[in-house]
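> Build me a structure from this.
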Amino acid sequence: MSQAPTKPVTKLRKSDQTKRAIVNAAREFLWNKPFRELTVRELMSVTGTSRPAFYQYFSDLHRLMEHLLDELKNEIMVAAAPWFEGVGEPVELLSRSLEDFVQVCYEQGPFIRAIIEACSMDSKLESAWDNFITGFDIAVCERIQQDQAVGLIPPMGAMQVAISLNRMDVGVTVKNFGRVPRSEPTAVAESLKRIWTLTLYGPTA
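Sure, this is the predicted structure:
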């Protein structure tokens, strides 16, 4: 059985260790099984703590999933920081950000697939995912507009381009990394870099 990357639990208070164990158990579960089969009882049996302990940290399974999405968002934002912050040559920054983004998606691909598959049957998860991806649409749109203002990116509908690129990334992520064995990340990164660069900065970039 394939295992999801886990966060270290050393040097944490006992309460923090318990919360991290719950999060890691959920991530591990979703690497191999659909969200509809996830139960609090099963999660807590993996962590070795009582079922009521779950509710000290999360009101329900949906809140746990929102927490997992928040963690994923933070990881992606760190990966994309070079291009979003825009300190340096933009095409090089974009290339670096996409390489790091693909690495995050490689590590979290089965979890991302599980979330997307669950959205079609769960309105709460669908809303959480919409909020998640919309945040990136706004961030990419704003970055495009910054480069348009100084003539680095030609006139185009920044928001629609951002939406299209982000949805493409999701599809590529799920296709290549959503199930094991996963695709080799370097080739995926090169493809995304080519599409993003040509779309935003043109063939002479």
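> Give me the neighbour count for the closest residue in space to T49 that isn't next to it in sequence.
Distances taken as Cβ to Cβ, 6 or more residues apart in numbering place T18 nearest to T49, at 5.8 Å, with adjacent residues excluded. Bear in mind the C-beta positions are built from the backbone N, C-alpha and C, glycine included. A count of neighbours around T18, defined by other Cβ atoms under 10 Å, yields 20.
> buried residues in stretch 78-89?
With burial defined by 16 or more other Cβ atoms under 10 Å, the residues of stretch 78-89 counted as buried are A79, A80, P82, W83, F84, G86.
> give me every residue that touches the residue nearest to T49.
T47, T49, A53, Q56, Y57 (Cβ atoms under 8 Å, 6 or more residues apart in numbering).
> cutoff 10 Å now
By Cβ atoms under 10 Å, 6 or more residues apart in numbering, the contact set of T18 is V9, L12, M44, T47, G48, T49, A53, F54, Q56, Y57.
> wait, doesn't T47 sit right on I22?
Yes. Contact criterion Cβ atoms under 10 Å: T47 and I22 qualify, at 5.8 Å.
> out of the two, which sits in the more crowded spot?
Neighbours per residue (other Cβ under 10 Å) separate T47 from I22, with I22 holding more: 23 against 19.
> Output the lowest mean pLDDT helix or strand found in this structure.
helix 14-32 (a mean of 91; mean pLDDT, DSSP states H and E).
> returning to what we had before: between the contacts of T18, which is closest to C105?
Ranked by distance to C105 (Cβ to Cβ), those are led by V9 at 24.0 Å.
> sorry, back to before: name the residues that touch the helix or strand following the least confident helix or strand of the chain?
Next in sequence after helix 14-32, counting helices and strands by DSSP states H and E, comes helix 40-47. The contact list for helix 40-47, computed with Cβ under 10 Å, 6+ apart, reads 17-26, 28-29, 33, 39, 49-55, 58, 60-61, 64.
> Extract the CA atoms of helix 40-47 and return them as PDB.
Extracted C-alpha coordinates of helix 40-47, given in PDB (Å, rounded to 0.1, in the frame of the first residue of the first chain):
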ATOM      1  CA  VAL A  40     -13.900   9.300  12.700                       C
ATOM      2  CA  ARG A  41     -13.900   5.800  14.300                       C
ATOM      3  CA  GLU A  42     -11.400   4.500  11.800                       C
ATOM      4  CA  LEU A  43      -9.200   7.600  12.000                       C
ATOM      5  CA  MET A  44      -8.900   7.400  15.700                       C
ATOM      6  CA  SER A  45      -8.300   3.700  15.700                       C
ATOM      7  CA  VAL A  46      -5.200   4.400  13.600                       C
ATOM      8  CA  THR A  47      -4.000   7.100  16.000                       C
END
